[in-house]
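Enquirer: Predicted model and sequence below, questions to follow.
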Amino acid sequence: MNNKTISPIAYISTDFKEKFGIPRQSGRAPKSVGEIVFLPEFSTPDAFRELQGFSHLWVLFDFSAVDKKEWSPLVRPPRLGGNKKVGVFASRSPFRPNNIGLSCVKLEKINYTEKGVTLLVSGIDLLDKTPIYDIKPYIPSADCKIDAVGGYSDEVKDYKLKVDFPENLKGKIPTDKIDALIECLSDDPRPSYQSDGREYGMAFADKNVKFIVQDGVLTVIEIEQTAR
């Protein structure tokens, strides 16, 4: 068997500065945006010819923040309460034999600048500065399977929290980021095994968003400025 080494072609800039609070899947927070910035050798406009004709992209990336020494054949999906184990290949857990992730994102804009090409994408579930290995166009006729079955994920696909976000605290978040933040909060960032009433803090952009959850309602209680 030949071992191959792959290297990043780009990095993505996002508002998610920590793993906690990142949407559990791409598309769960449609307003969450990121900018894919390509390394100089991959930033030639020719490499992006005809890309504007596609609405969505597949992004292959590195779970770079995972501290993994050994992989396990069994993992505990958070949405199953953190207690039920499934096979790693029946999950999208970042704790895998190879730290490779796959996300489907919406292509919002291609920017051609003097410094190179960047892609503005939305519906992201990626940590800031995540290395990107490749992008491929999403092709509906091949990639959309209308008769597909989602296994255990179908049981929790519609799970959402109601978000109570006081107006005086909303004013501490840039207007163009509020919708994305609410989408992320409604997706319930907490580990599924945690009970109601505990205070949490979520890093988003340059803020620390503090919240509690009680009876299916997430209430934002404070917004703090983080160190720059």
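Expert: Great, that's in hand.
Enquirer: What strand or helix carries residue 169?
Expert: helix 167-170 (DSSP states H and E).
Enquirer: buried stuff in whichever helix or strand comes after that helix?
Expert: With elements assigned by DSSP H and E, the helix or strand that comes after helix 167-170 is helix 175-186. By neighbour count with 16 or more other CB atoms under 10 Å, helix 175-186 contains the buried residues 177, 180-186. Where C-beta positions appear, they are placed from N, C-alpha and C, glycine not excepted.
Enquirer: Next: stretch 88-108.
Expert: Within stretch 88-108, the residues that qualify as buried are 88, 91, 93-96, 99, 101, 103-107, counting by 16+ other CB under 10 Å.
Enquirer: ditto for stretch 43-50
Expert: 43, 48.
Enquirer: Let me see the residues that make contact with it.
Expert: Counting contacts by CB atoms under 8 Å, 6 or more residues apart in numbering, the residues outside stretch 43-50 that touch it are 110, 112, 115-117.
Enquirer: make it 6 Å
Expert: Contacts to stretch 43-50, defined as CB atoms under 6 Å, 6 or more residues apart in numbering, come from residues 112, 116-117.
Enquirer: out of those residues, which are buried?
Expert: Here, 16+ other CB under 10 Å leaves 116-117 buried among these.
Enquirer: Lowest-confidence one in the contacts of stretch 43-50?
Expert: The lowest pLDDT within those belongs to residue 116, with 88.
Enquirer: On the pLDDT front, check the closest residue to that residue other than its chain neighbours for me.
Expert: Residue nearest to residue 116 in three dimensions, not counting chain neighbours: residue 43, with 3.2 Å by CB to CB, 6 or more residues apart in numbering. With respect to pLDDT, residue 43 has a value of 95.
Enquirer: could the contacts of stretch 43-50 go into TSV alongside distance to residue 170 and secondary structure?
Expert: Below are these laid out as TSV (distance: CB to CB, whole Å; DSSP: H, G, I helix; E, B strand; the rest coil):
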residue	distance to residue 170	secondary structure
112	35	strand
116	35	strand
117	35	strand
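Enquirer: Let me know the closest of the contacts of stretch 43-50 to residue 143.
Expert: For the contacts of stretch 43-50, the residue nearest residue 143 by CB to CB is residue 117; the value is 23.5 Å.
Enquirer: picking that back up, present the buried residues of helix 175-186 as TSV; the columns should include distance to residue 145 and pLDDT.
Expert: Written out in TSV, the entries for the buried residues of helix 175-186 read as follows (distance: CB to CB, whole Å; pLDDT from 0 to 100):
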residue	distance to residue 145	pLDDT
177	34	95
180	28	96
181	32	97
182	31	97
183	25	96
184	27	95
185	31	96
186	27	94
